[in-house]
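Asker: this is a predicted model, with the sequence first.
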Amino acid sequence: MFLVATAGGSAATQQTRATVFTGYGFDACTAPSTNALQAWSASPYRAVGIYLGGVNRACKDGNLSATWVATSVSMGWNLLPLYVGLQAPCVGQTRLQHISTVPATAATQGRAAADDAAGLASAFGLPAGSPIYFDMEGYSANNSTCTKAVQSFVTAWVTELRANSFVPGVYGSAASTIRDVSALGAAMPDVIWIANWNGVEGVFGDPYVSDSLWPSHQRVHQYKGGHQETWGGVTINIDSNYVDGAVVGNAGPPPPPPPEPPAGSVGSGDGKATATWTSGSFPSTAVVTLTPTATAPSPNGYGVQLTVTDPATSTAIPRFGAPVSLHLAVPANGLAPSFSTDGTTWTPLPKLRTGVDAGYTLLGDGTVEIDTLVPGYFGLLADTVAPSRPDGVAGRFVKGALRLNWNAATDNAGPIAGYDVLLDGVPSAHVDGGKRLVIVRAFHPGEQTVYRIRALDLAGNASVPSRAIVVVSTKRPTDVPRVLPRWVWGLYDFQHHKGARPKTAPRKPPAWYWHWAAWRSAPYRVKA
């Protein structure tokens, strides 16, 4: 309980407590004065972010104190406490202190940050049950070591802050921080603050964050970065946010986060497919079914339908919070992993990568693993997609033979089966898919010879041929006689360790002989 002065100057008893607020909020580097907050009562904002501390905090306490907290709450403001501790090892900003890349050390640092934040929150008069958002600035989205360090740190932050009776939250970039913490299952933060400056004044629909995660008044969205706004004659540099989540105010306490739906797995009944999912894949307990298609989608193929239903409403769940993994225990053998929404019209699946709703991985035993964020039909169909064109083709002469090499091609349905070597557009040689080198010796005297490479997949589909390697005859030296003496051939063989030196060959051959010998050793060249 705090005794604070009301706007009218009298005293009133107000209770600062954790609550839920829906509406506009802002955050500034330092807590504004209560006079500034009074002026900003003319603004649409009714929530304000406050920075409690942390080794990477940019501004000092300034106006922030237990009295300031009580007064601000009594004026109708809702507070969003932030703590700026150690940052990701691969954070782009300079001069910041970093989390350790050793997971165990990162966890120790996360617990220490939670303890420090809890102590500061209590010192500033924030009651138990208040949210505290760890400010984890954006970092590289393609650094697995960095991701693991952040996840270890946040897991410990969440666990320790709960033990200290505060509600653990995390602020950060949708594409890095929030993406990584959304994979933590039971260790996910209870509340989340999504930084995505897309101008959308709402908390759902972010392309990087599934709407099935943190669905129950558990979100803040920072939709606009640093800029100045003036209300009531007072200008403050702020970030703008839309809030539908936990704050410190004077209304009722926020509802507890919904229970985490369990992980699980289900088989297709025919022993050929299995679906597995983690906790957090669905917003509530879900009914997952995996049903083989009545007929195979191709003569030698296999198909299965994945459906996910909310048992309370019997409605289909159209999108998952975390990928469901389908293992098709049928060797692909050149069949293409494919997807269909209706079981009739199929499209090839891409290889698994960030940003796709469904993608596949070819396992070492030839079977396929599909990770999907959506339900539908998944199967193995006849492959009609050609491999990629071989790139990087290069050719050079070595001892009179042409050495061709190239970069590996890729295919949508497995490894490359082999490569055709095309001589003037006609296959003249073939190498298996594991090789990318061939030596050829066939050339057209006095004419161009054109070599290209094309890739073949397991289904026999051929790629577009590579760029051409063009071979042309080298020009006969102009000083060489039109009719050569007989000794020329014998001397050339002798110098190449074939036979004796001809007796008729001059002791000191003429200069034109050496020109001829060099030309005979390399009668062809690769055209630039």
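Answerer: Yep, that arrived.

Asker: next, count neighbours for the closest residue to residue 196 other than its chain neighbours.
Answerer: Excluding its sequence neighbours, the residue lying closest to residue 196 (C-beta to C-beta, 6 or more residues apart in numbering) is residue 174, at 4.2 Å. Every C-beta, even on glycine, is put in place using the N, C-alpha and C of the backbone. Residue 174 has 21 neighbouring residues, counting by other C-beta atoms under 10 Å.

Asker: please apply the same query to residue 285.
Answerer: 12.

Asker: got the phi/psi numbers for the residue nearest to residue 196?
Answerer: Dihedral pair for residue 174: phi -60, psi -40, per degrees, to the nearest 10.

Asker: how far away is it from residue 157?
Answerer: Relative to residue 157, residue 174 is positioned 19 Å away (C-beta to C-beta, to the nearest Å).

Asker: ditto for residue 275
Answerer: From residue 275 to residue 157 the distance is 32 Å (C-beta to C-beta).

Asker: out of these two, which sits in the busier spot?
Answerer: residue 157 (30 against 22).

Asker: doesn't that one fall inside a helix?
Answerer: Yes - membership of residue 157 in a helix is supported by DSSP: H, G, I helix; E, B strand; the rest coil.

Asker: my read: it touches residue 110, true?
Answerer: Yes - assessed by C-beta atoms under 8 Å, residue 157 is found in contact with residue 110 at 4.2 Å.

Asker: what are the bridge partners for residue 231, then?
Answerer: residue 234 (DSSP bridges).

Asker: pull the number of nearby residues for it.
Answerer: The number of residues near residue 231, taken as other C-beta under 10 Å, comes to 15.

Asker: that one contacts residue 36, correct?
Answerer: No - between residue 231 and residue 36 there is no contact under C-beta under 8 Å: 9.1 Å.

Asker: hmm, back to that, how far away is the residue nearest to residue 196 from residue 193?
Answerer: On the measure of C-beta to C-beta, residue 174 and residue 193 end up 10 Å apart.

Asker: equivalent analysis for residue 499, please.
Answerer: Distance of residue 499 to residue 193, given as C-beta to C-beta: 86 Å.

Asker: between these two, which one's more packed in?
Answerer: Neighbours per residue (other C-beta under 10 Å) separate residue 499 from residue 193, with residue 193 holding more: 29 against 12.

Asker: list the beta-bridge partners for the more buried one.
Answerer: residue 171, residue 220.

Asker: ok, now which ones touch it?
Answerer: Counting by C-beta atoms under 8 Å, 6 or more residues apart in numbering, residue 193 touches 80, 133, 169, 170, 171, 172, 219, 220, 221, 222, 241, 245.

Asker: dump these into a markdown table; add distance to residue 104, pLDDT and neighbour count as well.
Answerer: Formatted as a markdown table, those follow (distance: C-beta to C-beta, whole Å; pLDDT from 0 to 100; neighbours: other C-beta atoms under 10 Å):
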| residue | distance to residue 104 | pLDDT | neighbour count |
| --- | --- | --- | --- |
| 80 | 31 | 96 | 28 |
| 133 | 25 | 97 | 27 |
| 169 | 24 | 96 | 29 |
| 170 | 20 | 97 | 26 |
| 171 | 25 | 96 | 26 |
| 172 | 22 | 94 | 28 |
| 219 | 31 | 95 | 24 |
| 220 | 31 | 96 | 29 |
| 221 | 33 | 95 | 28 |
| 222 | 32 | 95 | 23 |
| 241 | 34 | 95 | 26 |
| 245 | 31 | 93 | 28 |
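
Asker: relative to residue 395, which of the residues you listed is nearest.
Answerer: Residue 395 has its nearest neighbour among the contacts of residue 193 in residue 172, at 50.7 Å by C-beta to C-beta.

Asker: ok, the nearest residue to that closest one once chain neighbours are set aside - contacts?
Answerer: Leaving aside its sequence neighbours, residue 172 sits nearest to residue 136 (C-beta to C-beta, 6+ apart; 4.2 Å). Neighbouring residues of residue 136 by C-beta under 8 Å, 6+ apart: 87, 88, 150, 154, 170, 171, 172, 177.
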